[in-house]
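K.L.:
pasting the structure only:
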C-alpha cells in the first residue's frame, strides 16, 4: 500500500508546505484561550484557524458544515491535490475517516438547544451536523467521491485501524484508491475534561520523552492520506505493515522510531520498553497538540521524511531517559520508519513505512 | 477463497420484537407490534417508540444501555455458535452504533453548563464505553476491533468489514453487527427533521408518515469455514457479499435516482457471484419515511424485478439506527433458515410512485440467497448477501 498524497490542516496552517515549515521552525507556543469554567484561567490549545485558509472555494460549498467537517474536507481535498493524480474523482475512490470524539462540539451545541428551547424546538441542521459520519459525508459530497465511505470511532488506535482496513479493501479490489484520514476538534468541554483528568502543560510544552509525569496540550486538525497499490512519481512511501494489537515486527530494524506520546496518558513509560537504544527516536506531538488520533499526524511527518529524505528534529528535546533522539534537521538516508502507539490498556500499535 | 467459505455460525437479537430468536419469530409470526410511549426518559412529545422491555437484570450497566443490549445479543450469538471460550482464536469485533459513540449525557452537560463541580462519572463511562472496544475487552477478543459509526448503515457496514477482515486473514472469527439504545438526543433530532411518525410507522405504504425510533442489538458470529470445521461446527448460512457506496449527494436525503444503493447492491451481488434472480427476498431498509421508501422501492424493482419478495422489519422494531443493519441481517438469516418471512408490518396500500410492494402476510420463501439493505444519513448505502447451503 503506497501513500500517494498527503493532506493536512493543523494549527500552523494547511498543506504539506505548512507542515514542512512547522517542522523546520520547531516548537511554537500554543495559543492561549479562555477556559470558560475557570474565570481568568487561560488554557493552551493548538487550534486550527479556518479564517486563514486562503482558498475559500470549498469552504463556501460547505458553509453549513461544522468545523470538524470543514477541516476534514480541506485535508481530504489537499491529499487528492497533493497526489497529482488526474481525474481522480472518476476513479473508484473510497473514504475511511477515523475519529475519537467526532462532532462533539456540535453535539453539545445540540444539547444546548434541548436545554434552552426544549425537545421540539431544536435545530435540524445542528442535529445533522452532529452525526458522527457527517464529516465523511461532506468529504464524499463536496469532492464527488462515490466509493465506500466509512467513519470509525475509537479511543484505541482508530487511525491505525483505518489503515489496516484500507489495506484489505485495496487488496480485495473494493476500490482503486482510498482517502484515509483522521480528524478531531477541540472544544471547551473536552478541554475541561482534559484539565480534570490529565496534566495540562502550563508552559504549553508537551514533553513526549518524559513519560512520567506527562503533560498535554489539546490539539485539533485533520490529516488524510491518499492510498493506492500502484506507485507514482509523486508517491511518499509504502506502508508495509499495520498492527493494532501487539508489535510482532518490533525486533525488525527500522531507521527511526516515532512515538505517539503526547500526554494523553498519565504514564507513558510503556514506550521506553519499545525503543531500542541504537535507533533514533522522535515524536512530533508538540507541533500538533495532544490528540487521540495524534498517530495520524506523526505518520504524516514520517511519510514526508521518507519522501524528502530529510530528518526533522523532534521539536521538544527534553530527554530525562537519555534516549537517542533525532535532534537535528537535515538531509539523511532513511530506508524505513516505525510509528508506535500505546494506550492505557497496555495495547501497542505499530505501522511500518519504507521508502518506495 | 470460495464464495461460501465465510460462515455465519451464530445469531443473536434483542429488540422490541423480542429477546432472542424464538421470541422474535413469535412476534413476526403473529405480526405483533410492541410499540408504546417513551418510558426511558422524560419528553414533551408523545410519538410511539419501540423500546426493549425487560432487559435482563444481569446485563444492566448504568448509563450504558447500548452496551447492555449489545452484550445480550453477543451472548446469544456466541452460545449458538458454541463458542464459550475464545482463547486460541483470533477473534475480531466489529460493531456499529450511533448513540454509544457520543458524549451526549444531558445530566453531565447540564452540570457542566451550571458551572457546578461536574462529576466525571459520565465521562469515564463514555471513555470506557466504546462499543467494540468494550466487547473486545469483555470477551478477551484479541483480534482487530472497530466501531463503525455510519449512522443508519453502521450495522450492515460492520458486517461488511468483518467479511473483509476474514477474507484477508486478519482474524479467524468476528463478532459483528450493531447495537443502539433509544436515546433522548436522536429522539429530539429526528423530531426536528420532521420525519417521525406520530402514529405507527408503515414502511412503503402510500400514506406513510415517517419512522418510529427503536432500540436493540443484532449480532452475528462470522467465521472462516476452516475454523468452524476445526472446532466441529457446521452451519447452513454464509455471508456471500457486501457492497457499500455513497450517493455523494446530500447530508440527509437519498439521491433521487438511488445511484449509491444500486451500486452497492450490484457490488454485493458480484462478490457473492450471483444474479439478481438468485435472490429469494430482500429485507429492505424501509424506514417509513417518504424519500427513503420511494427511492429504495424503485431501486429494488429496477434491480430485482416486479416479482421480488420484499419486506421491512422496522414495523416490528422501529428504526434502531446503528443496530438496524445488525438486527436486519439476523432477521434475513432467520428468514432463509426458517423458510418464511413475516408480513411487512404497517403496509396497507401500495404507493403508485413505488413500483414494488412489500409482502402483506407471512410468506414462504425458498431459495439460497437473500439481501439486506441499509441507507444512511450522509448518503451511505450498504447491502449484504446472505446465503443458505450445505456447509458441513
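P.N.:
Nice, I can see it. Remember, it's a predicted structure, so these values are computed and weren't measured experimentally.

K.L.:
Tell me which residues are up against stretch B:227-234.
P.N.:
B:7, B:9, B:81-82, B:89, B:172-173, B:235, B:391-392 (CB atoms under 8 Å, 6 or more residues apart in numbering or on different chains). Just so you know, the C-beta spots here come from the backbone N, C-alpha and C atoms, and that holds for glycine as well.

K.L.:
repeat that for 10 Å
P.N.:
Stretch B:227-234 is contacted from outside by B:5-10, B:80-83, B:88-90, B:166, B:171-173, B:221, B:223-225, B:235, B:390-392, using CB atoms under 10 Å, 6 or more residues apart in numbering or on different chains.

K.L.:
restrict those to contacts with chain A.
P.N.:
B:90, B:166, B:171 (CB under 10 Å from any CB of the partner chain).

K.L.:
Show me which of those residues is closest to residue A:279.
P.N.:
residue B:90 (29.0 Å; CB to CB).

K.L.:
Just confirm that closest one contacts residue B:145, I think it does.
P.N.:
No: under the criterion of CB atoms under 10 Å, residue B:90 is not in contact with residue B:145, lying 11.8 Å apart.

K.L.:
any common contacting residues for these two?
P.N.:
Common neighbours of residue B:90 and residue B:145 (CB under 10 Å, 6+ apart) are A:245, B:174.

K.L.:
More neighbours: which of these two?
P.N.:
Per other CB atoms under 10 Å in any protein chain shown, whichever of residue B:90 and residue B:145 has more neighbours is residue B:145, with 28 against 19.

K.L.:
which residues in the stretch 101-250 of chain B form helices?
P.N.:
Counting by DSSP state H, counting those that start in this stretch, the stretch 101-250 of chain B has helices at residues B:106-113, B:121-127, B:131-138, B:154-167, B:184-192, B:225-230.

K.L.:
I meant the stretch 1-150 of chain A, not that one.
P.N.:
Under DSSP H, counting those that start in this stretch, the stretch 1-150 of chain A gives helices at A:16-25, A:57-61, A:67-83, A:104-117, A:124-130, A:134-143.

K.L.:
how far away is residue B:114 from chain A?
P.N.:
Between residue B:114 and chain A the distance, using CB to the nearest CB, to the nearest Å, works out to 10 Å.

K.L.:
I meant residue B:100, not that one.
P.N.:
For residue B:100, the distance to chain A - CB to the nearest CB - is 9 Å.

K.L.:
what's near enough to touch the closest residue to chain B within chain A?
P.N.:
Using CB to the nearest CB, the point where chain A gets nearest to chain B is residue A:137, with a distance of 2.8 Å. For residue A:137, the contact set (CB under 10 Å, 6+ apart) comprises A:65, A:69, A:72, A:95, A:97, A:128-129, A:131, A:149, A:151, B:150-151, B:246-252, B:376-380.

K.L.:
And it, how far from residue B:201?
P.N.:
Residue A:137 is 24 Å from residue B:201, where distance means CB to CB, to the nearest Å.

K.L.:
With residue A:80 instead?
P.N.:
Counting by CB to CB, the gap from residue A:80 to residue B:201 is 40 Å.

K.L.:
which residues does residue B:134 contact?
P.N.:
Residue B:134 touches B:61, B:64, B:66-67, B:70-71, B:93, B:95, B:100, B:128, B:145, B:147, counting by CB under 10 Å, 6+ apart.

K.L.:
Now intersect those residues with the helices, please.
P.N.:
Secondary structure assignment by DSSP state H places B:66-67, B:70-71 of the contacts of residue B:134 in helices.

K.L.:
Next one: the residue of chain A positioned farthest from its centre, what pLDDT does it get?
P.N.:
Here the centre of chain A is the reference, and by CA atoms, centre = their mean the most remote residue is residue A:120, at 36.9 Å. What the model reports for residue A:120 is a pLDDT of 92.

K.L.:
for residue A:86, same thing?
P.N.:
We have a pLDDT of 87 for residue A:86.

K.L.:
That one - how many residues pack around it?
P.N.:
7.

K.L.:
Now do the phi/psi pair for it.
P.N.:
phi -70, psi 150 (degrees, to the nearest 10).

K.L.:
For the closest residue to residue A:88 other than its chain neighbours, give me its contacts.
P.N.:
Counting by CB to CB, 6 or more residues apart in numbering or on different chains, residue A:80 is the residue found nearest to residue A:88 once chain neighbours are left out, at 5.3 Å. Contact partners of residue A:80, counting by CB under 10 Å, 6+ apart, are A:4-5, A:7, A:88-89, A:93, A:139, A:143, A:145, A:177, A:179, A:224, A:226.

K.L.:
okay, the helices of the stretch 1-150 of chain A, which one's buried deepest?
P.N.:
The highest average neighbour count among the helices of the stretch 1-150 of chain A, using mean count of other CB atoms under 10 Å in any protein chain shown, belongs to helix A:134-143 at a mean of 28.

K.L.:
if we can go back for a sec, so of the helices of the stretch 101-250 of chain B, which one's packed in deepest?
P.N.:
For the helices of the stretch 101-250 of chain B, the highest mean count by mean count of other CB under 10 Å goes to helix B:154-167, at a mean of 30.
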